[in-house]
Structures are given as structure tokens and as C-alpha cells.
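> the amino acid sequence is not available; the structure is as follows:
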């Protein structure tokens, strides 16, 4: 992989040095074995690789021979992507569902290779206003940009919403924009094949005539390439380009009252530095008292007039246009111009119902947070971030589901509750009300877990406290625990992260739902697997080999058990399972590796 990494880095340097350069000979990079091996290693690490595509191939079946054949198909030009398997996921704050495409593992590998090439070419071009699906950028960096804009004097805010952005981008727009940077038609044709691969739903294949299918690895960077044109257009309208202000220009904008107070405070401080005797026979205590009074008065005085400017922040297809020192009429005019440009140039439609113009004093929803401009005593603003009520209600409901079932194995319940609570709290620790909300969440987690353990062992809450409650050595707090098969204690989440200012540098987080393992309901318990691993000591119980990925084998197929969740879960937990390598597992099933 060293040669491919070196070539990608070289391309990145060329792209940075010459923003108008067009690149060729890209397709050959996709089919190189070093690239495919590295791309597959990245795809395999993702938990989504457990889900096969329409071809039914699982990650255990992807080996060197499969990748070698894939490289030959790419080299000879006969490679053709499979249609994606369409499923639907819930939308936030909506009863509608969002279509999600699941490509085959072979196609995901090729898309990962193409994504790396596109990222090397386009990352040097992307603007600082773009924060979605980019290295070293996240929702937190977008919110930080927003918070600084409130301090700059935001007055009116346009909340941008593009109708079905990912599903409605015309294919010819994507391909024509790629040709501005790429002259290798074989590579562009590969992207075209991914866009037009179609999808399977209800056993039937459907063609795709527009959009970059959500779920595809290459889709986010393609969407960013298209919306990059909008970023450039916004900068041409003056967004994110405030003039460099010298100290002289800043002082010229200061109000007369603020200037007068500043001069007097400076004079008094100089007198204190020089020391006695003080003018007019004053004492140091009198000067210090006047200085404190003037500093308080200055904190309540408007420092300067707002510099008229436009600030633009985008995360994927969500964006804010924040106007400083401008009127609502100017915001409405800009909104109409944005809608017309998006329609005429990119073929995208700005939703009239959801694209709102909001005053900075009003609350708006952006990237999962409620954001509101709060006025300081001197008339300036700061951005107050808060946790939405519906977001808190949603996480509580998910925690209740995780700890609802008495027959669920303890280790699985603890792992799920910890993953959900830890991930959610890490994302919302930037909220100004995080201490209050997260403190409540720790109490909810405690009582849900306590009631689950009491039901599980058929004991009272008081008895649960005697048998499953002690001090967590990592946090120093008393907390509930369960005993893992290796004898160690697994504690429930009991300490929320400290509040972090959104203005403090660093910190990245993604607005993603934490992965919740529900395999126990299908008989594949994490706790049962750990028990088997402790027993097997890392060796395959069939051939005795070590250092290989082991699979939990159920002698009695789970698909033959009752469809009742409790029956399947109990059957999978109580069976005398074995840990086997892939070859031994295949032999036990007589070569039939279909999903059980």
C-alpha cells in the first residue's frame, strides 16, 4: 500500500498547488491490489460490513481470491456494480422514513477506493464553510462556527433546507462537475455506473435516474462536490469574507461612550502602576474603587457598531446563512436568489416551507441542538446551546427498550445501555444545560438498570443493592454492576462528561445514533460468546488453531426454534455452543453458510 499512499499524497499536493489542474490516469489506481486490499480492510472494520448486499456475500466470504477477481474485472473493464438493497430508516422529528441503500461488499470496496481518490483531489478545494463528511471536521466544528457568528453580531438567520437533496441531484450535474477536475473518462464512467446501478425493493429491480444513494460510501463526497459549487457562489455574494479590520478601523467603529470609558480606565491603571503620590491627593483605594465602577459600566456599554457581513455554515445539506448588521428584507432577497441559483445551476429545490428566516433572538434547531442568541448587558449576543426536549425523550425511550426484557443477558443489556448513554452524553456535553439534563439521565439509567436486575434475578431493589452495587474504580462513584464470565465487574454508565464550551478549540463528534447490539434477541448473545471465549482460551474448538477470527457455532439451528423472542434468545443462550474458525464452521453446516 506504500506506493498507492505515496501516489495519493502526491495527487493531494498537486491539487493544493494548482486548483485548476485536471487529473488523468485515476481509474488504474482503483484496480490496484494494494488499493483494494486497503479499501477492504477499511470497509471490514465498519460494523455495517456485517450486513450483506443483494448478492448475499458476507464478510467471511471476502478473501484474497475475491479481491483478485475484483481487480481483474476492474482492469479489463467488465466490472458492473450490483443494485443496492433498499431499506428505510426513521427521520428525525418526522414520521416519514428515509430510503437507505446497502451496496454489496464488493461494491463497497470499490467505492472506498474511489472515495480516497476523490478526497485527495477535492479536499484542497473545499471551503472552510463546509463541515460535513470531511477529515478533522464535524458537527461540533460547524456549531463552533455558528457560535462565533453570533458574537460577530448576527441579526437575521436563513435556515436552509433542500428538498430530498441526496435523492434529487441530477446525474448529469455530478458527472459534468467531475469533468472540471478529472479528465479520465474511465473513472467518470465508473462513478456513472454507481449512480445508475439501481436498487432492489420487494424482489424487483428499479432504475435510478437521479440522486446519490444514501448508504453508499462514495455518496457523501459526491454530494460535497456538488454543493461545493453553492459554497463558492455564496462566497461570491460576500459570505465569509469580512474585510480584514486593522486596529485603527476597529477603534473608528467604537462608540463614543465606549472610547471615553476605555481612555479613563487606561489612565487610572497607569496611575496605579506609577504609584503615589496620586493626582488631586487621592488614595490608591479611591482610584481602585473608581476603576472597578468604570469597568462594570464599560461591560454594560455597546463596544462598537456591527460590521455588515454575511456568514455561511454548511454541514452536508443542512446550512445556515447568518446576516450581521442587515435587515429582514435583505435576508428575504438573498433567500430568493439562493433558491433561483440552486434550481437553475444544480437542479435542486429549496423548500419554501422549511427554509425559514429567523431572528437571532429566536431559537432554531441546527445539528441536533437548539441554538438561540442571548443578549449581553452591552447589547452584543452569545449563542446558547440547549438539548431539545424531544432528543432527551428519544434517548430515554431507547434506554427503556434496551433494559425492557427480563430474559435479555445481563452483559448485553449493560453493553447496550453504556454505548447509548456514553455516545449521547458525549455529543450533548457542549449544551449550556448539559449538567442538568445529563444529571437526570444518570438517575434514569440507574433506576432502569436496577429494575432490570431485580426482574432478572427475581429479587427486590434492596436485595439488588446488596449484590450488584459497589464503587466503580474508574469513576470513583457507587454504581450497579454485573459480573462478566472472566470474573471482572462491568459497571453501568454512572458519570456524565463535564460541560465543554463550544468556543473552546478541538473536540469532534458525529451526530450518529450509537450502535446497539440486539443479536441476543436472535439467540446470538454477547455474554454467551464471551463465556465461550473464556472456555476456549482463543483456540478453535474444532481444529485447535489460534490467532484466527472465531465464530460462535450453535449445534441446533436457531431458525428452527420458536419465533417467540424469548424462546430464540433462551435457545441460543442455553445451547452447548462452540467457537470455530471459518473453515470448521463451514464444515459443521456442510458447506451451507446461509443466514440462520
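Looks like it came in fine. All values derive from a computational prediction rather than experimental measurement.

> when you work out contacts or count neighbours from here on, use the C-alpha atoms and nothing else.
Fine.

> just to be sure, residue 55 is in a strand?
No: Residue 55: not assigned to a strand; according to DSSP: H, G, I helix; E, B strand; the rest coil it is coil.

> distance check, the nearest residue to it once chain neighbours are set aside against residue 64.
Distances taken as Cα to Cα, 6 or more residues apart in numbering place residue 104 nearest to residue 55, at 6.5 Å, with adjacent residues excluded. Residue 104 is 17 Å from residue 64, where distance means Cα to Cα, to the nearest Å.

> in terms of neighbours, single out the busier of those two.
residue 104 (23 against 11; other Cα atoms under 10 Å).

> need the pLDDT of that one.
At residue 104, the pLDDT value in this model is 91.

> now it: phi and psi?
Backbone geometry at residue 104, expressed as degrees, to the nearest 10, gives phi -70, psi 160.

> what's near enough to touch it?
Counting by Cα atoms under 8 Å, 6 or more residues apart in numbering, residue 104 touches 52, 53, 54, 55, 56, 57, 82, 84.

> let me have those in TSV, extended by neighbour count, distance to residue 413 and pLDDT.
As requested, the contacts of residue 104 are exported to TSV (neighbours: other Cα atoms under 10 Å; distance: Cα to Cα, whole Å; pLDDT from 0 to 100):
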residue	neighbour count	distance to residue 413	pLDDT
52	17	26	85
53	23	29	85
54	18	31	86
55	14	33	86
56	13	30	86
57	16	30	86
82	20	37	91
84	26	32	88
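
> CSV for those, including distance to residue 504?
Shown next, in CSV, are the contacts of residue 104 (distance: Cα to Cα, whole Å):
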residue, distance to residue 504
52, 41
53, 42
54, 45
55, 47
56, 47
57, 45
82, 45
84, 41
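
> out of the residues you listed, what pair is the most spread apart?
Greatest spacing in these, by Cα to Cα: 57 and 84 (13.0 Å).

> what's the neighbour count on the nearest residue to residue 82 once chain neighbours are set aside?
Closest residue in space to residue 82, ignoring its immediate chain neighbours: residue 197 at 6.3 Å, by Cα to Cα, 6+ apart. Close neighbours of residue 197, defined as other Cα under 10 Å, add up to 21.

> I'd say residue 197 and residue 210 touch.
No: look at residue 197 against residue 210 with Cα atoms under 8 Å: they stay out of range, at 11.0 Å.

> just the helices in the stretch 451-596 of the chain please.
With DSSP state H, counting those that start in this stretch as the criterion, the stretch 451-596 of the chain has helices at 461-467, 526-536, 565-574, 582-588.

> again, but for the stretch 301-450 of the chain
328-341, 389-402, 410-427, 434-457.

> of all these, which one is nearest residue 352?
The closest of the helices of the stretch 301-450 of the chain to residue 352 is helix 328-341. By Cα to Cα, the value is 8.9 Å.

> so which of the contacts of residue 104 would you say is closest to residue 307?
residue 84 (50.0 Å).

> in contact with that closest one, which residues?
53, 54, 101, 102, 103, 104, 197, 198, 199, 200.

> hmm, try it at 6 Å
Contact analysis of residue 84 by Cα atoms under 6 Å, 6 or more residues apart in numbering lists 101, 102, 103, 199.

> between the helices of the stretch 451-596 of the chain, which has the poorest mean confidence score?
For these, the weakest mean pLDDT is recorded on helix 565-574, namely a mean of 56.

> residue 264 belongs to a helix?
Yes: per three-state DSSP, residue 264 lies within a helix segment.

> ok, residue 306 to residue 323 distance?
11 Å.

> repeat that for residue 28.
The spacing between residue 28 and residue 323, counted by Cα to Cα, is 46 Å.

> that concludes my questions; thank you for your assistance.
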